[in-house]
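[1] sharing a model prediction with you, sequence too.
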Amino acid sequence: MAAPTMDRPTSAAPAAVQTMTIAKGINNGLRAAMEADPKVIIMGEDVGKLGGVFRITDGLQKDFGEQRVLDTPLAESGIIGTAVGLAIRGYRPVCEIQFEGFIFPGFDQIVSQVAKLHFRTQGRLKLPMVIRVPFGGGIGAVEHHSESPESYFAHTAGLKVVSCSNPADAYWMIQQAIASDDPILFFEPKRRYYEKGEVDTTAAPGPLFASRVLRTGTDATLVAYGPMVRTALDAASAAEEEGRSLEVIDLRTLSPLDLAPVYESVRRTGRLVVVSEAPSESSITSEIAAKVQQECFYSLQAPVLRVTGFDTPYPPSKLEEEFLPDLDRVLHAVDRSLAW
Amino acid sequence: MSSPEKWTHPGPDSPPATAAKPTAEQVIAGLRATDEGGADLVQLLTPEGERVQHPDFDIDITAEELRGLYRDMVLVRRVDREANALQRKGQLGIWVPLLGQEAAQIGAGRAMRPDDMAFPSYREHGIAWCRGIKPTDLLGIFRGTDNGTWDPVKHRFHPYTIVIGNQVLNAAGYAMGQKFDGKVGDDDGEATMVFFGDGATSQGDVHEGFVWAAVYDAPLVFFCQNNQWAISEPTERQSRLPLYQRARGYGFPGIRVDGNDVLATLAVTKWALDECRHGNGPILIEAFTYRMDAHTTSDDPSRYRLSDELELWKLKDPIERVKVHLVKQQWADQEFFDSVEAEAEQIAVELRDYCVNLPDPPAERIFSEVYAEGNPVLEAQRDEFLAYHAGFAGGEH
Ligand SMILES: Cc1ncc(C[n+]2csc(CCOP(=O)(O)OP(=O)(O)O)c2C)c(N)n1
């Protein structure tokens, strides 16, 4: 599949294809889900009149009313914990966590109740709820506003975790997540919220829990998700100028991981670089490295390399460019892999 | 939003009759949260079995109804004692006794209607009984064969919740759903009741549950069983204020009832559920009671409380006072008491048989129903596990 067409002019596009930002993609997706199912409700801090601090829920309360878009009291455990009760009652709550650094007051409800009720009741209780989490750095924010906590949730059985990286996925994946009967953590790349791309609102989307090859290549494979997909694609373009052909895979689903396309790719390229903003220790990138060496041991020409945030707290924003993987760090890792 | 007129019920919200100013020392030391409720404690049947009147919460009860409540309490106590014994015999890994809390639970449980929803903690065997759950269905959790086998949708009785306080928020959300569904507002309305202990009132989730239920006017009865202890910690380690008085700060009524008095508990809970189904919720009930046994079978209460205390509370036994009253009123004869005893014995036998014969679940249970819509990574893991297992079973695969 070709790279997502972020910059292509829209004039040639068919009528159902619109250009929009990731933020608008999610907003439109939420709207479509709410129109399709009256049981879908949105709850969170400032999601009503304000439309959320990132305006992702803009206009929804105006159109769907205060009972379907709830400006909640300011307590994350309360947001998640009451969503559990509403889900049991037959609603499909979509909770917004304002920033990823504030999910931890709700962590207990997520891992103790949301993740386990289906198993505990042998399937009698379903928890069709989505927890939307803007995550990641690169926006010059103060502390607790730039983190990547997704591995905590991917580590927890009973939860599913996904992350979108472009407007089309944003539009479709949020609707698919809402339609799912499993509880889903939906990680949104906040620094990419306002990047534009084309969305075909009529073409049937691919499956939610599937990674996707965005760019084919032969020399090495790059795997990324969320905000790092753009970085990986940029690195592949830059590498091309140097005559190197990189394959780029957008993971899209972090739990369950869909690694079949990654194995297939690595068996061809022999080299893998995994990119993520999250600290590396005991993370999604560790999991990928472990599984790929297990499945592709004889195909690997070099060890799996990772380009990640450091195993430190997220630094003050004047240092975040040092912390975050960028194009140069990714290319450096590719160089090392190819030099093996 | 809760409006002030909702608070006008004289029981819970009239200012304390003795509004004497506390001394400076009292303020500094904090009010003893476990002090007997005094004038604020709703009681309809004294420990001596005397029926007393209450200006706000009196109820009519027929002989038959009272015999029914007595039977419930005796049977539930027997279930509890049998399960406790089964743990001692190694048949259960642990048991959480309800001894002493029968009146609080039967009163509250019998106040509920089938359409109401209950969110228990882990000691609510009496509530389970009232929700029509077979006592045998409680055993698997404690024997380690399952996490509770009852259908929470059919019985409207949520799974036991072990993490202290979590269920309070889940209940608040459920009650919000009842409200959103338009099931609140008249005699046919629905309500939710959530059960938690005195220790739980220190948890953030309980506080948040109070906030949520209040601002969304949820039809939720918070039923706190103050059994005086959170494992080894007394109630004054959780609060310097009697717990029911906290409700005022959230903007809804709080009321303390004699939790060893099944009539008073029934009356107060019925009133509270009724308020909720009419749209006047939420309400906090503090059932003032006592855990007469250990916290769990793993606990040793002799390390933290005096036996005098237990002796004192034995005089307030929830079952004895009903028995005395039934006899005094000539509402029950020896034949009735004997028949309840026989029924209790029968249930105990069934419980024992069921427990010792409860099979271990198949190993696949580890992997089943983790997700509603499956998970290929997990399924691959299961297949690998089953193949590995089969390798030992005479190479069946
Ligand atoms: C969040 C949490 N912390 C600690 C525990 C361990 N624990 C189990 S019961 C209990 C005491 C609870 O006391 P209370 O709320 O008064 O309820 P009771 O058992 O007396 O009915 C504790 C500390 C737990 N289950 N959950």
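    Cool, the structure landed. Numbers count the residues shown, from 1 in each chain, chains lettered A, B, ... in the order given.

[2] convert the C-alpha atoms of stretch A:147-162 to CSV, please.
    C-alpha atoms of stretch A:147-162 as CSV (Å, rounded to 0.1, in the frame of the first residue of the first chain):
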residue,chain,number,x,y,z
GLU,A,147,3.9,11.0,28.2
SER,A,148,3.4,7.7,26.5
PRO,A,149,1.8,5.3,29.0
GLU,A,150,0.3,2.9,26.5
SER,A,151,2.4,-0.1,27.6
TYR,A,152,0.8,-0.2,31.0
PHE,A,153,-2.5,-0.9,29.3
ALA,A,154,-1.2,-3.2,26.6
HIS,A,155,0.3,-5.2,29.5
THR,A,156,-3.2,-5.7,31.0
ALA,A,157,-5.2,-8.7,29.9
GLY,A,158,-8.8,-7.8,29.0
LEU,A,159,-8.0,-4.5,27.5
LYS,A,160,-7.4,-3.7,23.8
VAL,A,161,-5.2,-0.8,22.9
VAL,A,162,-5.0,1.0,19.5
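
[3] list the buried residues of that stretch.
    By 16 or more other C-beta atoms under 10 Å in any protein chain shown, the buried positions in stretch A:147-162 come out as A:147-154, A:156, A:158-162. (Each C-beta comes from the backbone N, C-alpha and C, glycine too.)

[4] mean confidence score for the longest helix along chain B?
    Secondary structure of chain B per DSSP state H: the longest helix is helix B:63-88. When pLDDT is averaged over helix B:63-88, the result is 98.

[5] please name every helix or strand in contact with that helix.
    Packed against helix B:63-88, as judged by 3 or more C-beta pairs under 8 Å, 6 or more residues apart in numbering or on different chains; DSSP states H and E, are the following elements: helix B:102-111, helix B:125-130, helix B:139-143, helix B:262-277, helix B:318-328, helix B:334-356.

[6] which one of the ones you listed lies nearest to chain A?
    helix B:139-143 (9.5 Å; C-beta to the nearest C-beta).

[7] now that closest one - C-alpha only, PDB.
    Coordinates of each C-alpha in helix B:139-143 appear next as PDB, following Å, rounded to 0.1, in the frame of the first residue of the first chain:
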ATOM      1  CA  LEU B 139     -18.700 -20.900  47.200                       C
ATOM      2  CA  GLY B 140     -16.700 -21.000  44.000                       C
ATOM      3  CA  ILE B 141     -15.100 -17.600  44.600                       C
ATOM      4  CA  PHE B 142     -13.800 -18.800  48.000                       C
ATOM      5  CA  ARG B 143     -12.900 -22.300  46.800                       C
END
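
[8] let me know the closest of the buried residues of stretch A:147-162 to the ligand.
    Distance from the ligand was checked for each of the buried residues of stretch A:147-162 by C-beta to the nearest ligand atom. The minimum falls on A:Thr156, at 16.9 Å.

[9] residues in contact with the closest one?
    Residues near A:Thr156 by C-beta atoms under 8 Å, 6 or more residues apart in numbering or on different chains: A:110-111, A:115.

[10] in strands, which of these appear?
    Using DSSP state E to define strands, no part of the contacts of A:Thr156 is located there.

[11] highest neighbour count among those?
    Taking other C-beta atoms under 10 Å in any protein chain shown as the neighbour criterion, A:Ile110 ranks highest of these with 29 neighbours.

[12] dihedrals phi and psi, the residue nearest to the spatial centre of chain A?
    Ranked by distance to the mean C-alpha position of chain A (C-alpha atoms, centre = their mean), the top residue is A:Ser163 at 1.3 Å. Main-chain torsions, A:Ser163, degrees, to the nearest 10: phi -150, psi 130.

[13] what's the distance between it and A:Leu60?
    When distance is defined by C-beta to C-beta, to the nearest Å, A:Ser163 is 22 Å away from A:Leu60.

[14] ok, now A:Gly25?
    Using C-beta to C-beta, one gets 14 Å for the distance from A:Gly25 to A:Leu60.

[15] which one of these two has more residues nearby?
    For A:Gly25 versus A:Leu60, neighbours defined as other C-beta under 10 Å are more numerous around A:Gly25 (28 against 21).
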